[in-house]
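**Q** Got a predicted model here, sequence first, then my questions.
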Amino acid sequence: MRIAIELPEPQAKKLRGEAQRMRVEPEELATAAVLDLLNREVSEFDSAARHVLAKNRELYRRLS
């Protein structure tokens, strides 16, 4: 599956910096992060998802 996401510039800059530090493409690092999240145990995933959604509720509201 192919998806597109829009990151605020501070997070995009951080993603690019981390990817450069790890010597991978930003897209590869983002894919690895999503796969890591999806491969966690269900309770860990639910907890992480709730945290991210709560933290970014305003951002998601503006993007919808």
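**A** Now that the structure is in, tell me what you want to look at.
**Q** make it CA atoms for all contacts and neighbour counts henceforth
**A** Noted.
**Q** Do me a favour and get the backbone dihedrals for P8.
**A** Dihedral pair for P8: phi -60, psi 150, per degrees, to the nearest 10.
**Q** Distance check, it against L15.
**A** P8 is 11 Å from L15, where distance means Cα to Cα, to the nearest Å.
**Q** With N56 instead?
**A** Applying Cα to Cα, one obtains 17 Å for the distance of N56 from L15.
**Q** neighbour count winner among these two?
**A** L15 (18 against 11; other Cα atoms under 10 Å).
**Q** need the contact list for the more buried one.
**A** P26, L29, A30 (Cα atoms under 8 Å, 6 or more residues apart in numbering).
**Q** What average pLDDT does the host helix or strand of it get?
**A** Using DSSP states H and E, L15 falls within helix 9-22. The average of the pLDDT scores along helix 9-22 is 95.
**Q** Pull the distance from that helix to the chain's centre.
**A** 12 Å (Cα atoms, centre = their mean, to the nearest Å).
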